[in-house]
Each structure stands twice: as structure tokens, then as C-alpha cells.
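**Q** I'll drop the sequence and a predicted model, then ask my questions.
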Amino acid sequence: QIGTIVAALRNVTGHDFHGYKRGTFVRRVQRRMQVLQIDRLTDYIERLRGEPQEVQNLFQDLLIGVTQFFRDPEEFEALEREIPALFEGKGPNDQLRVWVLGCATGEEAYSIAILLREHMATIDRPPDVQIFATDLDARALGLARAGRYSEAIRDQVRPDRLKRWFIPEGATYCVKKELREMCIFSPHSIVKYAPFSRLDILSCRNLLIYLNSEMQNRVLPIFHFALKPGGILFLGSAENVTRHARLFAPVDRKSGLFRRAVYRRGGR
């Protein structure tokens, strides 16, 4: 029955959830059944077969787009401490590249953009900075591109940063153009498409926790390939690279920060 639901999702949305953790997948299905007041899984499957919109509703539930600016502030402070080293040796003809996976409505991408901009202000001739922010959710990406957020972000962003990087408009705050121009928001699936490459920072926070071990074992070597030697992998605090210790060295394990190691076949 789970396979039937996965197939329905793939047929309607084009995305394959076979690598999703089974327990989380089942809980999301049960949530949709409760919303629709359906008791039997066979009846819910019939609903999926007859209503493509319900497949889309389940798809949205599975994405779990929970995010905010500077989520887990201590972890962002740890990332901020690593940023100066990433700019060393780079001039105006160079590029610093960042990839934010599962960016949802854009808060994390803009948070990283703020950290990078603040360091660039201390450099006479900084490199070009490009942030690629991707997600499966096209609606969330539209909100991210607009860069307009409710006044609730006042509880997430320091007053000095709120004044410097946002424009108040009524009951909302709009991200300033210089930050929005750094970020390219686009749909992308780590399972289906080739990764971005030559990255200095790869942020994938609280996405691996939804993938089963087989899928994690596929994804982490892809992250290693995408990063430059010495590049930073930024995970959620509950995520780790224990099974791939040869590929990544801990920078601040508690904060989910790891550095791409130089790994060659043969164990050297």
C-alpha cells in the first residue's frame, strides 16, 4: 500500500519518495486521512487515484517546510566564524558559491546572505558571491523570490540587521535588493538532478532526518563531490556524517558544521 502511494506521488508530481523515512511517511499519510476523516488506508488510496489534487495536498505535507531566519542562532554563529577563511585568497575576479537545499520560503538563504554581505563589507575588493537556493515546492520558491515576510521576523532578526537588510512595508518586511540579487531560487531534486559544484558552503539543514539510511548513503557522497576541498557542509544539529567520516571532518559537530575532506580511493 505504501508503494502504491509512492507511485501515485511520482506519477502526479514527478518526485520519488521511496527514500523517505517510512515512519515519517506513514505519519504524514495518517494526518491527511484524519483531515479527510477517512479511516481505512484502502479508501484513502482510492481518493488519491480519483483526485490528483489530494496527491498534491499529500505532497505539500511531505515537504514539511519549517524554517525561519537564523534558525538555531548558535549554529549560525558557528557558521559565521568560518566565513572569513572562505574568503581568503579570493579577489574580485573570483566567486564564492553557496548551495542551500530545501530552502522552503527562503529565510535560511537570506540569513546566509546577510552573514556573507557583512563580511564582504570588511573587504576592499570582495569576490562575487552566488547563492543557489533550491526546493521541490514551487509555491514556496515563489515566496522566497518575492522576499516579503510578516512582522513576526522581528523576533528572529537582530534589530541592527532588521534595519540594515529589510525595508518595512505596512505589516511586512521586504528583503533589500542587494540580498535578493545574490540568491537564485530554483526547483531541484537531489535525487533526480545533478548537483551544483565547486561550492564553498553547502547548507542542507534538517533534510537528512527525513531520508532513510540508504538515501543518506547516496546523498552524502554527492555533497562531498559538490564541495570544494575545505568547503563547509552545514547540517542540522540532529544530523551527522558518522558513516562517511572519510569524506567530512567535524568543524563544530554540535552545530552541524563539517569540512569537506580530501579523500582518494585507497584510503589516503
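**A** Noted; the coordinates are in hand. Computed from a predicted model, the values in this text were never measured in an experiment.
**Q** For residue 100, give me its contacts.
**A** Counting by Cβ atoms under 8 Å, 6 or more residues apart in numbering, residue 100 makes contact with 108, 109, 112, 131, 132, 133, 134, 203, 204. (Each C-beta comes from the backbone N, C-alpha and C, glycine too.)
**Q** So which of those belong to strands?
**A** Applying DSSP state E to the contacts of residue 100, the entries found in strands are 131, 132, 133, 134, 203, 204.
**Q** what pairs with the fourth one across the strands?
**A** Right, residue 134. Applying DSSP bridges to residue 134 gives these bridge partners: residue 101, residue 186.
**Q** Could you do the fifth one as well?
**A** Residues found in beta-bridge contact with residue 203 (criterion: DSSP bridges) are residue 100, residue 234.
**Q** burial of it, as a residue count?
**A** 25 (other Cβ atoms under 10 Å).
**Q** That one is in contact with residue 97, isn't it?
**A** No: counting by Cβ atoms under 8 Å, residue 203 stays clear of residue 97, with 11.9 Å between them.
**Q** where exactly do the helices run in the chain?
**A** Shown for the chain, the helices assigned by DSSP state H span residues 2-13, 22-36, 41-50, 52-63, 73-87, 107-120, 138-146, 159-165, 177-180, 213-226.
**Q** The last one: how far from the chain's middle?
**A** Right, the one you point to is helix 213-226. Offset of helix 213-226 from its chain centre (Cα atoms, centre = their mean, to the nearest Å): 15 Å.
**Q** Report the buried residues of it.
**A** Under the neighbour-count criterion of 16 or more other Cβ atoms under 10 Å, helix 213-226 has 215, 216, 219, 220, 223, 224, 226 buried.
**Q** helices and strands around it, which ones?
**A** strand 199-204 (3 or more Cβ pairs under 8 Å, 6 or more residues apart in numbering; DSSP states H and E).
**Q** just the angle between the strand it packs on and helix 213-226, please?
**A** If you take axes from the mean of the first three to the mean of the last three Cα atoms, to 10 degrees, strand 199-204 sits at 160 degrees to helix 213-226.
**Q** re earlier: who wins on neighbours among the ones in strands among the contacts of residue 100?
**A** Counting neighbours by other Cβ under 10 Å, residue 133 leads these with 27 neighbours.
**Q** so what's it up against?
**A** 99, 100, 103, 106, 108, 109, 144, 183, 184, 185, 186.
**Q** Pick the one among the contacts of residue 100 closest to residue 251.
**A** Taking Cβ to Cβ as the measure, residue 251 lies nearest residue 203 of the contacts of residue 100, at 13.4 Å.
**Q** which residues touch the closest one?
**A** Residue 203 touches 98, 99, 100, 101, 108, 112, 234, counting by Cβ under 8 Å, 6+ apart.
**Q** swap in residue 199?
**A** 97, 98, 99, 226, 227, 228, 231.
**Q** what's the spacing between it and residue 38?
**A** 44 Å (Cβ to Cβ, to the nearest Å).
**Q** How many residues are close by the nearest residue to residue 173 once chain neighbours are set aside?
**A** Leaving aside its sequence neighbours, residue 173 sits nearest to residue 166 (Cβ to Cβ, 6 or more residues apart in numbering; 4.1 Å). Residue 166: 23 surrounding residues under other Cβ under 10 Å.
**Q** same deal with residue 178?
**A** Number of residues near residue 178 (other Cβ under 10 Å) recorded here: 10.
**Q** and it, what does it touch?
**A** residue 117.
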